[in-house]
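**Q** Let me see the structure of the following:
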Amino acid sequence: MHSVPLHRSLLSLLLGSLLATGALAATPGDDPKALAQVRDTALQSDWAYARLADMTDLIGPRLSGSAGAAAAVEQVAATMRGLGATVTLQPVKVPHWVRGVETAEIVDYAGRPNGVSQRVVLTALGGSGATPAAGLTAPLIIVRSFEELNARAAEVKGAIVLIDTAFDQEMAERGLAGVTYGQGSRFRFGGPKAAAELGAAAALVRSIGGADFRIPHAGATSLEDGKRIPAAAVTVEDALLIGRLAARGPMKMHLTLTPQNLPDADSYNVIADWPGTDKAGDVVIVSGHLDSWDLATGAHDDGAGVVAAMGVIETLKKLDYRARRTIRVIAWMNEENGGRGGLAYFDANKTGLAKQYAAIEMDSGAGRPFGILASIGPKSEKLFAPLRAALQPIGAHAFTRRDALGTGDLHRLEKGGVPSFEPLVDSHSYFHYHHTPADTLDKVDPDNLKRNVALMSSLAWFLANIDGEIGRAPEQE
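**A** Residues are numbered from 1 along each chain as shown. Below is the predicted model:
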């Protein structure tokens with residue numbers, strides 16, 4: 001994708017020659033002492049949390065195309081250069097969507113006292129179209145599935161449609177937060193488009209999250225130019241209110257949303273390499289996404305993932321460790337409302353995927369890590385025994401193999417055969433804050449962030465040093 005500076009290339013060749021002749025002893029990735037040093041060095045450092053404070057407190061929200069996103073690119077690049085990493089800014093064209101006025105009230109319903117209306121708390125969804133500046137008034141109906149939406153097509157035309165699907169917090173409490181989020185996100189992403197195709201005046205979705213604090217949750221939609229209708233997420237409480245009023249009789253809502261879909265903007269993936277020694281041409285990616293929604297500062301989603309990835313190089317620099325393979329930190333741009341950063345990297349490397357040895361992404365919040373998720377072949381699990389032993393003292397030694405992880409920025413590389421990894425974290429409260437104004441620094445536990453840096457650093461070091469191939473998941477073999 002880009003060339004390594006000449007002096008680093010010569011250094012890698014020299015080190016490789018020394019290793020081949022036995023003149024310089026290598027530290028193997030499965031060496032218990034080295035793994036313990038990596039783990040403990042990360043655990044003792046507040047560096048990543050301080051960088052997260054820099055990102056969230058000094059910059060704030062970082063939606064693609066915004067001044068905040070541009071500032072974050074410069075901040076991360078400068079920090080990684082300061083560590084001695086080789087930094088490249090990979091150009092990415094990103095969507096530029098800007099939030100405007102967002103208000104709603106139920107202006108007519110059975111039993112309404114004269115002069116009274118019910119305010120609804122909501123937030124526009126990414127890619128939403130706009131109402132007229134003065135808003136629009138239309139009948140409000142509720143559906144709870146795509147099947148019901150299609151069955152009521154005649155009522156949908158010209159109406160404001162609420163797609164009401166509950167987030168199952170009990171599932172989240174039992175380690176299945178991602179499953180229930182996936183169910184809700186289907187309706188948030190595809191519901192507005194489906195409603196638009198049936199002629200709806202606007203589409204609302206119930207916020208995807210388990211905390212009932214009357215806070216709306218933002219997110220992306222699949223709406224396209226020329227077919228955009230106003231789309232917003234309403235709070236859980238307001239979705240319940242609408243349901244109760246609907247049981248009494250017909251309703252009307254006045255809705256005002258004035259977002260703008262501007263021309264694509266110039267942005268970048270930040271790529272920081274810690275060059276390897278005798279296998280420097282092979283790359284181990286460790287990553288998080290740099291952009292965030294505009295409602296808050298994106299501390300959990302995904303500032304924590306970015307600084308944990310950055311912390312891998314900070315840890316190795318403290319130890320003066322160089323792995324055999326190049327460790328590549330990537331701060332992805334535009335994961336939230338387009339995935340353009342992951343696509344740009346894949347397109348630049350798709351003819352040389354064999355050199356992408358493995359890839360790690362942290363994008364499930366900074367909860368306590370209990371272990372690792374991995375898309376590798378079944379026969380490769382035993383290779384990770386030394387790593388699991390090193391992570392056991394911090395309770396992060398669980399190892400779960402899956403055929404595919406499908407993480408936000410790595411899924412194309414994974415489908416291309418690159419083994420992918422992510423921390424297995426406690427996410428029972430993650431969706432309380434996810435995509436909301438409450439995703440702020442104070443929600444991140446500094447000790448859990450240290451544990452994540454320790455896990456990411458240990459995993460990256462292990463992958464960058466072990467011999468041979470680690471295998472592909474069955475569907476990719």
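**Q** how far out from the middle of the chain is stretch 369-385?
**A** Here the centre of stretch 369-385 is set off from its chain's centre by 22 Å, with CA atoms, centre = their mean, to the nearest Å.
**Q** Between the two ends of it, how far is it?
**A** Taking CA to CA, to the nearest Å, stretch 369-385 runs 17 Å from one end to the other.
**Q** Only the buried residues of it, if you could.
**A** For stretch 369-385, the neighbour count (16 or more other CB atoms under 10 Å) marks 369-377, 380-381, 383-384 as buried. From N, CA and C alone the C-beta is placed, and that goes for glycine too.
**Q** got the contact list for that stretch?
**A** Residues from elsewhere that reach stretch 369-385 (CB atoms under 8 Å, 6 or more residues apart in numbering): 387-388, 391, 395-405, 414, 419-426, 448, 451-452, 455, 459, 462, 466, 470-474, 476-477.
**Q** Go again with 7 Å.
**A** The contact list for stretch 369-385 (CB atoms under 7 Å, 6 or more residues apart in numbering) reads 395-405, 414, 419-426, 451-452, 455, 459, 466, 470-474, 477.
**Q** Please work out the average pLDDT along that stretch.
**A** Averaged across stretch 369-385, the pLDDT comes to 94.
**Q** quick one, strands of the stretch 251-400 of the chain?
**A** For the stretch 251-400 of the chain, the strands defined by DSSP state E, counting those that start in this stretch cover 251-257, 260-274, 279-289, 325-332, 356-361, 369-375, 398-401.
**Q** Any chance of JSON lines for those, columns distance to residue 120?
**A** Shown next, in JSON lines, are the strands of the stretch 251-400 of the chain (distance: least, CB to CB, whole Å):
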{"stretch": "strand 251-257", "distance to residue 120": "7"}
{"stretch": "strand 260-274", "distance to residue 120": "22"}
{"stretch": "strand 279-289", "distance to residue 120": "31"}
{"stretch": "strand 325-332", "distance to residue 120": "34"}
{"stretch": "strand 356-361", "distance to residue 120": "36"}
{"stretch": "strand 369-375", "distance to residue 120": "38"}
{"stretch": "strand 398-401", "distance to residue 120": "41"}
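**Q** hey, which of those is tucked in deepest?
**A** strand 325-332 (a mean of 28; mean count of other CB atoms under 10 Å).
**Q** Between strand 279-289 and that strand, find me the angle.
**A** 20 degrees (axes from the mean of the first three to the mean of the last three CA atoms, to 10 degrees).
**Q** Using PDB, write out every CA atom in strand 325-332.
**A** What follows is strand 325-332, C-alpha atoms only, in PDB (Å, rounded to 0.1, in the frame of the first residue of the first chain):
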ATOM      1  CA  ARG A 325       6.100  -8.900  11.400                       C
ATOM      2  CA  THR A 326       5.100  -5.200  11.100                       C
ATOM      3  CA  ILE A 327       2.500  -4.200  13.600                       C
ATOM      4  CA  ARG A 328       0.200  -1.700  11.800                       C
ATOM      5  CA  VAL A 329      -2.100   0.500  13.900                       C
ATOM      6  CA  ILE A 330      -5.100   1.800  11.800                       C
ATOM      7  CA  ALA A 331      -7.600   4.500  13.000                       C
ATOM      8  CA  TRP A 332     -10.400   3.900  10.500                       C
END
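**Q** And it, how far out from the chain middle?
**A** In terms of CA atoms, centre = their mean, the centre of strand 325-332 is set 16 Å apart from its chain centre.
**Q** Give the partner strands of that strand in its sheet and their orientations.
**A** Its sheet considered, strand 325-332 pairs with strand 260-274 (antiparallel), strand 279-289 (parallel) by DSSP bridges.
**Q** Let me see the contact set for residue 247.
**A** Contacts of residue 247 by CB under 7 Å, 6+ apart: none found.
**Q** Show the pLDDT at it.
**A** Per-residue pLDDT puts residue 247 at 97.
**Q** is it fair to say it lies in a helix?
**A** Yes. Under DSSP: H, G, I helix; E, B strand; the rest coil, residue 247 sits within a helix.
**Q** any idea how far residue 194 is from residue 41?
**A** According to CB to CB, to the nearest Å, residue 194 and residue 41 sit 51 Å apart.
**Q** And for residue 455?
**A** 13 Å.
**Q** More neighbours: the two, which one.
**A** The neighbour count for residue 455 versus residue 41, taken as other CB atoms under 10 Å, is higher for residue 455 (29 against 19).
**Q** Help me confirm that that one comes into contact with residue 398.
**A** No. With contacts counted by CB atoms under 7 Å, residue 455 stays clear of residue 398, the gap being 10.8 Å.
**Q** And the longest helix along the chain, what's buried?
**A** As assigned by DSSP state H, the longest helix anywhere in the chain is helix 177-197. Under the neighbour-count criterion of 16+ other CB under 10 Å, helix 177-197 has 177, 180-181, 184-185, 187-189, 191-196 buried.
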